[in-house]
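**Q** Here is a sequence with its predicted model. Questions after.
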Amino acid sequence: MTPEDQALAGELALGLLDGEERAQALRRTLSDPDFAREVEWWRAHFATMLAEVRPVPAPQGLIDNIGAPSLPKPRNRLRLVVPAALTAVAAAALLMILRPTPTVLPPVDRSPAVTLLAALQSSDGAGTPISAIVDRGAGQIRVVATGIAPAGKAAQLWVIRDGVPRSLGLLSDTGTTRLALTATEREALQAGLVLAISIEPPGGSPQATPTGPVVASGPLTAI
């Protein structure tokens, strides 16, 4: 995690991003577990800091001054600019200088609209991991993979719960597959469960369990 990545995570946690920049950062939390944990660290860190801030009583006469007419003064604009500049400098210092050494937080379980991520790897560790994103809020699972099954075969996705595999559907041979989740599947998919892909006959396994070889698997992690 570079200093730029750490600063970006802090800005996202503080709500300083907007537009496409914020959208890109949010998408990165779905694909980069390290970045997602960095954002959670910042949120917890700022929550602790805010809890330690003590309220300061308003100066005497402030309420009267708010309603009083103001006279044009050449330094008024400067008085507005200086505090804003100091605030920006303080924020930059907080993000880039005063930040303590980051710690790795455990996955955060946020129900019911929690997002889960799995990187499915072959048993020998070869090849690029297959990414699977479970969006329980949208009620779907997205799998990005190409060329999993050989000609005349189909790739089938499973979730293993209590040692029992349950089919989630067939995967497309190219691009991204989006599989709709039932209400039961949304609740059943939890961090720690394992996703697996097996090679089956066209149309999927004729049984309730895989009949072909399992070519990739990986645990679900909450982000």
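**A** Nice, I can see it. Note that this is a predicted model, so its numbers are computed, not measured.
**Q** Wasn't residue 178 part of a helix?
**A** No: according to DSSP: H, G, I helix; E, B strand; the rest coil, residue 178 belongs to no helix; its state is strand.
**Q** Could you give the number of residues near it?
**A** Residue 178 is flanked by 13 other residues according to other Cβ atoms under 10 Å. The way it works is simple: take the backbone N, C-alpha and C, and place the C-beta from them, glycine included.
**Q** unless I'm mixing things up, it is touching residue 140, no?
**A** Yes: counting by Cβ atoms under 8 Å, residue 140 is a contact partner of residue 178 at 5.3 Å.
**Q** could you pull out the strands for this protein?
**A** Along the chain, the segments classed as strands by DSSP state E run 115-120, 130-135, 140-144, 154-161, 164-171, 176-180, 194-200, 214-219, 221-222.
**Q** Export these as JSON lines, with columns for mean pLDDT and distance to residue 42.
**A** Formatted as JSON lines, the strands of the chain follow (pLDDT from 0 to 100; distance: least, Cβ to Cβ, whole Å):
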{"stretch": "strand 115-120", "mean pLDDT": "89", "distance to residue 42": "18"}
{"stretch": "strand 130-135", "mean pLDDT": "90", "distance to residue 42": "22"}
{"stretch": "strand 140-144", "mean pLDDT": "91", "distance to residue 42": "26"}
{"stretch": "strand 154-161", "mean pLDDT": "93", "distance to residue 42": "31"}
{"stretch": "strand 164-171", "mean pLDDT": "93", "distance to residue 42": "33"}
{"stretch": "strand 176-180", "mean pLDDT": "92", "distance to residue 42": "30"}
{"stretch": "strand 194-200", "mean pLDDT": "94", "distance to residue 42": "29"}
{"stretch": "strand 214-219", "mean pLDDT": "91", "distance to residue 42": "25"}
{"stretch": "strand 221-222", "mean pLDDT": "88", "distance to residue 42": "17"}
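**Q** Adding distance to residue 21, write those strands out as TSV.
**A** TSV is the format used below for the strands of the chain (distance: least, Cβ to Cβ, whole Å):
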stretch	distance to residue 21
strand 115-120	20
strand 130-135	21
strand 140-144	23
strand 154-161	33
strand 164-171	32
strand 176-180	24
strand 194-200	31
strand 214-219	30
strand 221-222	25
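**Q** Those: which one's closest to residue 7?
**A** strand 115-120 (23.0 Å; Cβ to Cβ).
**Q** quick one: contacts of that closest one?
**A** Residues from elsewhere that reach strand 115-120 (Cβ atoms under 8 Å, 6 or more residues apart in numbering): 30-31, 33, 129-137, 189-191, 195-197, 216-223.
**Q** quick one: contacts for residue 35?
**A** When contacts are counted by Cβ under 8 Å, 6+ apart, residue 35 touches 1, 5, 9, 28, 29.
**Q** Would you mind splitting this protein into its domains for me?
**A** Per the record, the chain has its domains at 3-96, 115-222, by automatic domain parsing.
**Q** winner for burial among those?
**A** Counting by mean count of other Cβ atoms under 10 Å, domain 115-222 has the highest mean neighbour count of these, with a mean of 16.
**Q** Quick check: end-to-end length of it?
**A** Using Cα to Cα, to the nearest Å, the end-to-end distance of domain 115-222 comes out at 6 Å.
**Q** again, but for stretch 154-170
**A** 7 Å.
**Q** Name the spans of this structure whose pLDDT lies under the cut-off.
**A** Scanning the chain for pLDDT under 70 picks out 46-113.
**Q** can you give me the helices in the chain?
**A** Using DSSP state H, the helices of the chain run over residues 3-14, 19-31, 33-52, 62-67, 76-96, 183-188.
**Q** With that, I have no additional questions.
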